[in-house]
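> Predicted structure and sequence below. I'll ask about it afterward.
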Number of protein chains: 2
Amino acid sequence: MYGFDNETFLSVLHGAVDNIETIGKVLDQAEKKGYKNVFLIGTGGTYSMLSPLSYLLKTNSTLEWYYDIAAEFVKAKPKKLTEKSLMITASLSGDTKETVEAAEYAASVGAQVIAFVGSEDSPLGRAATYPIANAASNDNLVEEIHIQLFALGAMLMKRNGDFEQCDRFLENLKRMPEVLLKVREQNDERALAFAEKHKDTKFHMFVGAGNTWGETYCFAMCVLEEMQWIPTKSIHAAEFFHGTIEMTEKDMSFVLIKGEDETRPLVDRVENFVKQHSEYVEVFDTKDYALEGIDEDMRKFVAPMVTSTQLERVSAHFEHVRNHSLDIRRYYRTVEY
Amino acid sequence: MYGFDNETFLSVLHGAVDNIETIGKVLDQAEKKGYKNVFLIGTGGTYSMLSPLSYLLKTNSTLEWYYDIAAEFVKAKPKKLTEKSLMITASLSGDTKETVEAAEYAASVGAQVIAFVGSEDSPLGRAATYPIANAASNDNLVEEIHIQLFALGAMLMKRNGDFEQCDRFLENLKRMPEVLLKVREQNDERALAFAEKHKDTKFHMFVGAGNTWGETYCFAMCVLEEMQWIPTKSIHAAEFFHGTIEMTEKDMSFVLIKGEDETRPLVDRVENFVKQHSEYVEVFDTKDYALEGIDEDMRKFVAPMVTSTQLERVSAHFEHVRNHSLDIRRYYRTVEY
């Protein structure tokens, strides 16, 4: 596959799997001090990667949780953040300014901070109470972070008396590296066809919901806008019908992201509508993949990673089809702001 | 002012002010049964109108709160929603399908539901435990709902031992109808100039943060997209720098929404950047208005309504400048979906 190395992919994802035991030990430590609520805090890509964890807690747990953008969190200083809070965050580079500031702020009020980083020896690694390190790259970061975040979420819930399927879920997570590699391979041809078809498309409307909403928002902003300079709008499937629907045109490109959780009918509803009114509707559906080795009732939980892995083949092919490197930026970390 | 009647505006907003006493009585009732957490649930316009209330609770209260899209809430069935929950919602028509279903679902698990409606005799009015009615129209709905939601939030917090400035805040709220009328008048000429300048603009990027983020999202989607069929993207000021920044072009129209809360520096940062790289930057800033009669330290709390009132003059002028009625829809409540 273009721009892809199987061994690197498996090694990064198994690094994440190997951290599951460490995550359990971190929670042992965190429990000693205790926590009454959980803050999921990120910036851009990591903000969106935390979205499925917020959905997991919402639908399965009686833990008290909050989900916020790092820079807003630092300015707003939520009253619920105390020394009895547990903040969860991530940054591959470990130097995303807003995320580092958020970790420092949370630590300053006495909260415990768990941070997933590429290296412990980074500003975020040093600011966190519990840095958990695994090297990754943009091409496998979402899955790598998701394996760890989802394991953390499951173990947090188990300790809270929720999510009795925790242990079986962790076993399924451990099988994800090979499962996801297969999805990449199976989706490669289709991703190339999408990239070729849309090489000159000027605008895409991305629609998602539930635990795949984060990837909907992320792929539109962090890949198409940031790495390919293609304008997008991402809109929640339920919100689509309350304004954005009027943007529907025969030649509007719709990219629908379908997972397998309870909100799937919300995306079905959009699909049903836009297929009647646009000629350019692409549905990336996790149900298209067998996910051999994954228990049927666990599919909905792992769907966000399947989505990312599907879409990352699209990024890869856009790069060569559009002759636009995924690494060049006009502004981000290039000019002063 | 085009398409505007002073008397109607004042009468609708005073209707909201007159409901403050009723809201207090509703909370007396709700307290008898008791509640342990608060759910802010809406759809489209009302989802965005609840956004500043979520910010108010976040920054000032130790109440446990959750904020969600009605249709997702119904599908996801949050575990924290119990008979000890208080759901807060709104729908002017009282028949927004998703919102009605959310109220019915919450009531079915025993939660108490407060709903702001145009008429008690509506599906949402009937589904709610406590319907609170005041007739309004699209042109004054945001301010009308905000007065009531903010009063409710302040009183909820006071009962929780937070927000000691509650009583003074309510006194300030009661002065808002006349204050907002003045903002409309003062902003009219400028709104007309904006509408004329942008009559043929093909795309707008809306940026906001904190308690004016809801209106940023709302105006882009519910007015420009729904009522004027002009494509937009709305992006949080902190998130802008993590992807969408690469969309910046000399001829990209940026509309920045500045309020006066703690997150103002996040929008300042975007302003500073885009003014160097685009020739079309418009900043709607609540600081441009004297807001006579409003205490200095209360300005930040009422800013979301000031923003709405500013932008509603833009809607009004777009209608005649673009010869596009605010009332026509291609799809919404027009075709089947």
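Everything's here; your move. Just so it is clear, the model here is predicted, and its values are computed rather than measured.
> Leaving out chain neighbours, which residue sits closest to the spatially most central residue of chain A?
For chain A, the residue nearest the mean C-alpha position is A:M49 (2.6 Å; CA atoms, centre = their mean). Nearest residue to A:M49 in three dimensions, chain neighbours excluded: A:I145, at 4.9 Å (CB to CB, 6 or more residues apart in numbering or on different chains). For glycine as for every other residue, the C-beta is placed from the backbone atoms N, C-alpha and C.
> The one you found: neighbouring residues, count only.
Neighbour count of A:I145, defined by other CB atoms under 10 Å in any protein chain shown: 25.
> Pull up the per-residue confidence for it.
We have a pLDDT of 98 for A:I145.
> tell me which strands and helices the one helix or strand it maps to is in contact with?
A:I145 belongs to helix A:141-159 when elements are defined using DSSP states H and E. When contacts are defined as 3 or more CB pairs under 8 Å, 6 or more residues apart in numbering or on different chains; DSSP states H and E, helix A:141-159 packs onto helix A:6-33, helix A:45-49, helix A:51-60, strand A:85-91, strand A:112-117, helix A:166-174, helix A:176-197, helix A:299-321.
> The residue nearest to the centre of chain A against A:W213, yeah?
No: using CB atoms under 8 Å, A:M49 is not in contact with A:W213; the gap is 11.6 Å.
> Can you give me the pLDDT of A:S325?
A:S325 carries a pLDDT value of 94.
> what's near enough to touch the nearest residue to it once chain neighbours are set aside?
Spatial nearest neighbour of A:S325, chain neighbours left out: A:E319 (6.3 Å); criterion: CB to CB, 6+ apart. By CB atoms under 8 Å, 6 or more residues apart in numbering or on different chains, the contact set of A:E319 is A:2-3, A:228, A:325-326.
> Now stretch A:233-247: average pLDDT?
97.
> okay, how far is it across it, tip to tip?
Length of stretch A:233-247, first residue to last, CA to CA, to the nearest Å: 11 Å.
> do stretch A:104-119 as well
17 Å.
> is chain B contacted by it?
No: applying CB under 8 Å from any CB of the partner chain, one finds stretch A:104-119 separated from chain B by no less than 12.3 Å.
> My guess is A:A16 contacts A:I147. True?
Yes: counting by CB under 8 Å, A:A16 touches A:I147, with 4.0 Å between them.
> Quick check: neighbours shared by those two?
Common contacts of A:A16 and A:I147 (CB under 8 Å, 6+ apart): none found.
> Show the contacting residues for the residue in the stretch 51-200 of chain A that chain B sits nearest to.
Distance from chain B to each residue of the stretch 51-200 of chain A (CB to the nearest CB) is smallest for A:A71, at 3.6 Å. A:A71 sits next to A:43, A:98, A:101-102, B:237-238, B:266 when contact means CB under 8 Å, 6+ apart.
> The same query, at a cut-off of 7 Å, please.
A:43, A:98, B:238, B:266 (CB atoms under 7 Å, 6 or more residues apart in numbering or on different chains).
> so which strand or helix has the closest residue to A:T244 other than its chain neighbours?
With CB to CB, 6+ apart as the criterion, A:T244 has its nearest non-adjacent residue at 4.8 Å, and that residue is A:I235. Using DSSP H and E, the element containing A:I235 is strand A:232-236.
> What score does A:T307 have for pLDDT?
Predicted confidence (pLDDT) for A:T307: 97.
> Can you tell me the element the residue in the stretch 151-300 of chain A that chain B sits nearest to falls in?
Minimum separation of the stretch 151-300 of chain A from chain B (CB to the nearest CB) falls at A:H242, amounting to 2.6 Å. Under the assignment given by DSSP H and E, A:H242 is not contained in any helix or strand.
> That one - how many residues pack around it?
For A:H242, the count of nearby residues is 28 (other CB under 10 Å).
> how close does it get to B:D68?
14 Å (CB to CB, to the nearest Å).
> now A:K182
Taken as CB to CB, the span from A:K182 to B:D68 is 34 Å.
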